[in-house]
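Q: model this:
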Amino acid sequence: MKRLLIKNAKVIATMDDKKTRIEDGAIYIEDNVIKDVSPSKEVISHIPHPTSHISIIDATDKIALPGLINTHHHLYQTLNRNIPAVQDAELFNWIKILYKIWREITPEGVYVSAQVGIGELLLTGCTTTVDQFYIFPKNKPKDLIDYEIKAAKEMGIRFHPCRGSMSLGKSKGGLPPDDLVQSEEEILKDSERLVSKYHDPKEFSMLRIALAPCSPFSVTKELLQETIELARKKKVRCHTHIAETLDEEKYCLKTHKMRPLAYMESLGWLGEDVWLAHGIHLNDEEIKLLSKARTGIAHCPTSNLRLGSGIAPVRKMLDEGVAVSLAVDGSASNDSSDMLGELHQCLLIHRIKSGIKSMPVDDVLWMATRGGAKVLGRNDIGSIEAGKAADIVLVDTKKLGYAGGMHDPVAAILFSGNSHIVDTTIVNGKILVQDGKLLNLDEEKVIDRANKIASEMLKQASKKTGIDYLKR
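A: Model (predicted):
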């Protein structure tokens with residue numbers, strides 16, 4: 001048995017039901033499970049002997065948070081950040097240009113991009129991440145998602161990969177090029193393969209599969225219906241994008257004679273086993289419908305601002321009892337995988353949308369921890385409590401960016417600071433980030449490889465399309 005003691009924490013923000021904060025706190029862990037959380041003196045007095053076999057982290061001047069939970073991402077997009085041709089494009093134009101680049105993805109590209117994105121997440125306090133992978137070019141291997149699963153396993157993050165899909169090509173009225181879509185049969189067969197091979201429903205699971213058709217404008221009605229049926233048969237969750245842009249709303253009204261959420265409801269796509277990304281353009285009645293159906297939302301503030309899509313009505317959702325989580329979204333629309341940065345963004349933008357008192361720190365932290373656990377259907381992560389998984393983050397307040405801000409140390413993490421790199425990240429009882437450095441990744445090597453692959457993708461895409469992606 002491995003035993004770990006974190007002691008002398010300045011504050012532990014437990015995010016239990018009472019949002020308890022413990023000053024001068026300690027956390028005692030056995031293997032991958034939290035056994036005790038209390039003031040340091042109490043925890044130390046309860047620890048079984050001999051104490052010589054316990055690893056100890058002195059958390060003096062550090063704040064302990066539950067591991068943050070990222071509920072929507074596209075890891076492969078770390079290779080397509082900051083491309084001049086789409087810096088000023090809205091979603092539909094943005095994605096039409098990027099489709100031409102994404103078709104150049106390779107197994108190595110998927111693997112390396114996952115290393116980059118997961119590394120960023122771990123460094124910024126994320127211990128559990130979702131990823132929706134939906135790019136399967138016709139001339140490439142069909143098991144591309146397996147390469148990001150391999151990277152996640154090696155790096156030690158808790159992972160919820162989503163088997164994404166596109167079945168509605170341009171020739172049939174969809175947005176994606178025909179060579180990026182797959183048949184319903186092919187998609188469903190691979191979905192079954194992934195669930196059978198990887199899905200682990202047990203408590204403290206490190207890997208759970210979800211099924212995730214991409215969007216109303218890239219998949220057929222038949223695929224949506226068959227996917228939700230398969231997911232419920234296999235007892236896995238479902239995920240997709242919804243109400244992200246007004247263009248999507250216009251598309252659904254023209255094509256399906258319904259608003260996006262009504263269209264998804266008509267196909268059985270509401271329920272406690274479904275969570276949806278974005279939900280920007282939802283009206284009051286639709287928010288009430290989400291609450292009644294117990295369907296969650298992954299809120300992606302930075303991406304939504306970056307693409308000019310809008311600000312989701314999160315305050316209304318929370319007030320109606322909708323489970324809302326936080327997410328960085330894909331790195332081609334966020335240009336980062338900075339999880340703590342997402343909390344900071346969320347704190348600020350809703351004060352513009354809904355008023356200065358609309359988004360207190362505790363609500364942001366709740367979405368990033370307990371909200372994330374809720375939409376993923378988990379009660380074993382999201383808080384620092386006895387019996388929960390040992391997913392813990394330590395933030396060092398001994399930095400200039402926090403100086404003068406210790407009147408409320410936990411709030412300082414969102415309000416202050418000039419770096420979102422955490423001191424320590426622990427996942428499932430294992431230390432993956434220590435002193436602000438990744439322990440399971442050669443960062444320099446991966447950075448160089450990612451840059452080379454990213455350049456090669458642009459080069460190949462330019463050669464085939466004649467587009468200069470380096471020009472705005």
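
Q: Show me what the helix or strand of the chain with the lowest mean pLDDT is packed up against.
A: In the chain, no helix or strand scores lower on mean pLDDT, DSSP states H and E than helix 40-46, which sits at a mean of 89. Contact analysis of helix 40-46 by 3 or more C-beta pairs under 8 Å, 6 or more residues apart in numbering; DSSP states H and E lists strand 3-13, strand 21-30, strand 33-39 as its packing neighbours. (Each C-beta comes from the backbone N, C-alpha and C, glycine too.)

Q: Give me the next element, helix or strand, following that helix.
A: Using DSSP states H and E, the helix or strand that follows helix 40-46 towards the C-terminus is strand 54-58.

Q: Given that next one, what are its sheet partners and their directions?
A: If you go by DSSP bridges, strand 54-58 pairs up with strand 3-13 (parallel).

Q: I'd like the distance from the partner strand to the chain centre, please.
A: In terms of C-alpha atoms, centre = their mean, to the nearest Å, the centre of strand 3-13 is found 26 Å from the chain centre.

Q: shaky segments in the stretch 51-200 of the chain?
A: Across the stretch 51-200 of the chain, the ranges flagged by pLDDT under 70 are 51-52.

Q: Do a quick rundown of the helices in it.
A: Here the stretch 51-200 of the chain has its helices, by DSSP state H, counting those that start in this stretch, at 91-102, 107-123, 144-155, 184-198.

Q: Nearest to Thr129, out of the ones you listed?
A: Nearest to Thr129, of all the helices of the stretch 51-200 of the chain, is helix 107-123, at 5.4 Å by C-beta to C-beta.

Q: re the thing from before, highest average neighbour count across the helices and strands packed on helix 40-46?
A: Sort the helices and strands packed on helix 40-46 by mean neighbour count, taking mean count of other C-beta atoms under 10 Å, and strand 3-13 sits at the top with a mean of 23.

Q: Let me see the ranges of the helices in the stretch 201-350 of the chain.
A: Under DSSP H, counting those that start in this stretch, the stretch 201-350 of the chain gives helices at 221-234, 246-256, 260-266, 284-293, 301-306, 314-319, 339-353.

Q: In a markdown table: those, plus mean pLDDT.
A: Formatted as a markdown table, the helices of the stretch 201-350 of the chain follow (pLDDT from 0 to 100):
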| stretch | mean pLDDT |
| --- | --- |
| helix 221-234 | 98 |
| helix 246-256 | 96 |
| helix 260-266 | 98 |
| helix 284-293 | 98 |
| helix 301-306 | 97 |
| helix 314-319 | 98 |
| helix 339-353 | 95 |
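
Q: Save those helices as JSON lines, and put in distance to Asp178 and mean neighbour count too.
A: Supplementary listing: the helices of the stretch 201-350 of the chain in JSON lines, determined by distance: least, C-beta to C-beta, whole Å; neighbours: other C-beta atoms under 10 Å:
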{"stretch": "helix 221-234", "distance to Asp178": "15", "mean neighbour count": "18"}
{"stretch": "helix 246-256", "distance to Asp178": "18", "mean neighbour count": "16"}
{"stretch": "helix 260-266", "distance to Asp178": "23", "mean neighbour count": "21"}
{"stretch": "helix 284-293", "distance to Asp178": "32", "mean neighbour count": "16"}
{"stretch": "helix 301-306", "distance to Asp178": "27", "mean neighbour count": "22"}
{"stretch": "helix 314-319", "distance to Asp178": "37", "mean neighbour count": "20"}
{"stretch": "helix 339-353", "distance to Asp178": "35", "mean neighbour count": "20"}
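
Q: Looking at the ones you listed, which is nearest to Glu186?
A: If we rank those by C-beta to C-beta, the stretch that ends up nearest is helix 221-234, at 10.5 Å.

Q: what's the closest one packed up against?
A: Against helix 221-234 (3+ C-beta pairs under 8 Å, 6+ apart) you get helix 184-198, strand 210-213, strand 237-242.

Q: I'd like the ones you listed written out as TSV, with mean neighbour count added.
A: What follows is the helices and strands packed on helix 221-234, written out as TSV (neighbours: other C-beta atoms under 10 Å):
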stretch	mean neighbour count
helix 184-198	17
strand 210-213	28
strand 237-242	26
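
Q: quick one: contacts for the closest residue to Leu79 other than its chain neighbours?
A: Sequence neighbours aside, Ala454 is the residue nearest to Leu79 in space, at 4.3 Å (criterion: C-beta to C-beta, 6 or more residues apart in numbering). For Ala454, the contacting residues are 79-81, by C-beta atoms under 8 Å, 6 or more residues apart in numbering.

Q: Which helix in this structure has the most residues?
A: helix 443-465 (DSSP state H).

Q: Just want the angle from that helix to helix 144-155.
A: 170 degrees (axes from the mean of the first three to the mean of the last three C-alpha atoms, to 10 degrees).

Q: which of the residues in helix 443-465 are buried?
A: 446, 449-450, 453-454, 457-458, 461-462 (16 or more other C-beta atoms under 10 Å).

Q: For it, list the C-alpha coordinates in PDB.
A: Taking C-alpha atoms only, helix 443-465 is exported to PDB below (Å, rounded to 0.1, in the frame of the first residue of the first chain):
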ATOM      1  CA  GLU A 443       8.300  18.700 -22.800                       C
ATOM      2  CA  GLU A 444      11.100  20.000 -25.100                       C
ATOM      3  CA  LYS A 445      10.900  16.800 -27.300                       C
ATOM      4  CA  VAL A 446       7.200  16.900 -27.600                       C
ATOM      5  CA  ILE A 447       7.100  20.700 -28.300                       C
ATOM      6  CA  ASP A 448       9.600  20.200 -31.200                       C
ATOM      7  CA  ARG A 449       7.700  17.200 -32.600                       C
ATOM      8  CA  ALA A 450       4.300  19.000 -32.400                       C
ATOM      9  CA  ASN A 451       5.600  22.100 -34.200                       C
ATOM     10  CA  LYS A 452       7.000  19.900 -37.000                       C
ATOM     11  CA  ILE A 453       3.800  18.000 -37.400                       C
ATOM     12  CA  ALA A 454       1.700  21.100 -37.300                       C
ATOM     13  CA  SER A 455       3.900  22.700 -40.100                       C
ATOM     14  CA  GLU A 456       3.700  19.600 -42.200                       C
ATOM     15  CA  MET A 457      -0.100  19.500 -42.000                       C
ATOM     16  CA  LEU A 458      -0.300  23.100 -43.200                       C
ATOM     17  CA  LYS A 459       2.200  22.400 -46.000                       C
ATOM     18  CA  GLN A 460       0.300  19.400 -47.200                       C
ATOM     19  CA  ALA A 461      -3.100  21.200 -47.000                       C
ATOM     20  CA  SER A 462      -1.700  24.200 -48.900                       C
ATOM     21  CA  LYS A 463      -0.300  22.000 -51.600                       C
ATOM     22  CA  LYS A 464      -3.700  20.300 -52.200                       C
ATOM     23  CA  THR A 465      -5.900  23.300 -51.900                       C
END
